[in-house]
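A.B. asks: Okay, here's the prediction I keep looking at, along with the sequence it came from:
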Amino acid sequence: MATHLTGSFQLMKSLNRSLILNIIRTSGAIPRSEIAKQTGLTPPTVTNIVSELLDEELVVESRAGSSNGGRKPILLTINSDSRYIIGVDVGVKKVRLALTNLNANVIQRKLLPMPHTHALTTERFLDLLLHAIDTFLTENITQKSKIIGIGVAMHGIVDHEEGITIHAPTLKLEHVPVKQVLEQAFNLPVRVENDAKALALGEKWFGAGRDVDHFVCLNVGEGIGGGIILNDHLFHGNNSLAGEIGHTRIDINGPKCSCGNNGCFQTLASGQAVKERAHTYIKEGKKTSLVAQAGENLKYLDGQLIFKCAEEGDEIARQILKETGTFLGFGLLNIIHFLNPSMVVIGGGVSKSGKWILEPAKDVIQSQALTHEAAKTRIVVSELGDDGSLIGACTLVLSELFSHVHSK
Ligand SMILES: [Zn+2]
């Protein structure tokens, strides 16, 4: 069964099929004649491929379209629930799984804690992943035969072609052959990508970047990752390193980073930086409601609490978020000057601090950008929210099914 699925997935990659499928997907509903016009394929070729797609139930016909007086034309739409995808988002503290349809709508989800890094080895990590996916597949046994692939979004630097996590500093793991191990275990195609790049792809297909050719996606959580979309495609650079904006340096005398250098962008503008600043202010004896609200040994001191206190009027909490936002602005300005994107999408926990962080960041851009146009670069919050990297993980598989041009 699974071998058959793998085989059919390979077949789907044929250029014209993908081309036609993608036109049907992006148009929503389209007649055969219009597909021929848009692709330049002959009407008989379109008819043949469409009848294959109808046989496989990937596409369905309807007559809901408008007509010009005569019979309503037959429209083709994607049969979204004909196939499913498993998405896995591997974070530093948790692993999230989702089963989605072809429209990236989440049908089922699951969340598992990640063991402490000191207890994590490559073997233990892969066991955890295998067990999590296996259990999830069993829980969704009725959809199992329709699953066409597994997409994995991972913290760290990922070789997306080989599906290997090259370097995951926070998990303290290196050279993890995720794709090979999962493909062997489940006999399904597996795609692996860095989580911020997966988020960028998710935003391109289903979120804020749908109609934008060039944009950058920043995943601002415990660290900062970046995904770059250039000419509608994810840009990887020479060795999959493109987008590692979190490790560009803002202050050489700044705090130590997980990469070993000092003053990287993520040490100054991430969720971790927000917490560090709060600890510093509290140590200095600044008067703030954070102390009373964070509990014994400040164990509840996190970004969410700081945001709550800022909303309630705590000046120190507001100051912490403002400083973080200013540094975020410096990083955004670097992106704008270096790549000149039309938009930067911000995802991850920090994006939830709304105006307290984003407004000071925007102030930096407006006052320091080189040109008038650059100062107007759109800074928006991820439309996919907490599900961003997870939907991005599923999109890795979808883009294989629908795209006739692969990412570079
Ligand atoms: Zn660094």
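C.D. replies: That came through fine.

A.B. asks: Now stretch 295-310: buried residues?
C.D. replies: Leu298, Leu301, Asp302, Gly303, Leu305, Ile306, Phe307, Cys309, Ala310 (16 or more other CB atoms under 10 Å). All C-beta spots, glycine's among them, are computed from the backbone N, C-alpha and C.

A.B. asks: that's a helix at the fifth one, yeah?
C.D. replies: Translated: Leu305. Yes: counting by DSSP: H, G, I helix; E, B strand; the rest coil, Leu305 falls inside a helix.

A.B. asks: so what's Ala196 up against?
C.D. replies: The contact partners of Ala196, taken as CB atoms under 8 Å, 6 or more residues apart in numbering, are Cys217, Leu218, Asn219, Gly225, Gly226, Gly227, Gly243, Ser389.

A.B. asks: Is it correct that the second one is in contact with Ile346?
C.D. replies: I take that to be Leu218. Yes: the criterion here is CB atoms under 8 Å, and Leu218 meets it with Ile346 at 5.1 Å.

A.B. asks: So between the two, which is more surrounded?
C.D. replies: The residue with more neighbours, out of Leu218 and Ile346, is Leu218; 29 against 23, by other CB atoms under 10 Å.

A.B. asks: Could you give the average pLDDT over the strand or helix carrying that one?
C.D. replies: For Leu218, the host element (DSSP states H and E) is strand 215-220. In this model, strand 215-220 has a mean pLDDT of 96.

A.B. asks: Break the chain into its domains for me.
C.D. replies: 2-81, 83-204+388-400, 210-382 (automatic domain parsing).

A.B. asks: what packs against the longest helix along the chain?
C.D. replies: For the chain, the helix with the greatest residue count under DSSP state H is helix 315-339. Counting contacts by 3 or more CB pairs under 8 Å, 6 or more residues apart in numbering; DSSP states H and E, helix 315-339 is packed against strand 215-220, strand 224-230, helix 265-269, helix 271-283, helix 303-311, strand 343-347, helix 354-368.

A.B. asks: just to revisit the earlier point, mean pLDDT lowest where, among the domains of the chain?
C.D. replies: Lowest mean pLDDT of the domains of the chain: domain 2-81, a mean of 83.

A.B. asks: ok, Glu52 - contacts?
C.D. replies: Glu52 neighbours (CB under 8 Å, 6+ apart): Arg17.

A.B. asks: Okay, and it sits in which element?
C.D. replies: Glu52 is part of helix 43-55 when elements are defined by DSSP H and E.

A.B. asks: coming back round to it: can you say which of the domains of the chain is packed in most?
C.D. replies: Across the domains of the chain, the average number of neighbours (mean count of other CB atoms under 10 Å) peaks for domain 83-204+388-400, which reaches a mean of 20.

A.B. asks: Can you pull up the residues of this protein that come close to the ion?
C.D. replies: His247, Cys257, Cys259, Asn261, Cys264 (CB under 5 Å from the ion).

A.B. asks: go again using 8 Å as the cut-off
C.D. replies: Within the chain, the positions adjacent to the ion are Gly246, His247, Arg249, Cys257, Ser258, Cys259, Gly260, Asn261, Cys264, Phe265, Gln266, Thr267 by CB under 8 Å from the ion.

A.B. asks: isn't there a strand covering the fifth one?
C.D. replies: Put plainly, it is Ser258. No: counting by three-state DSSP, Ser258 is not part of a strand but coil.
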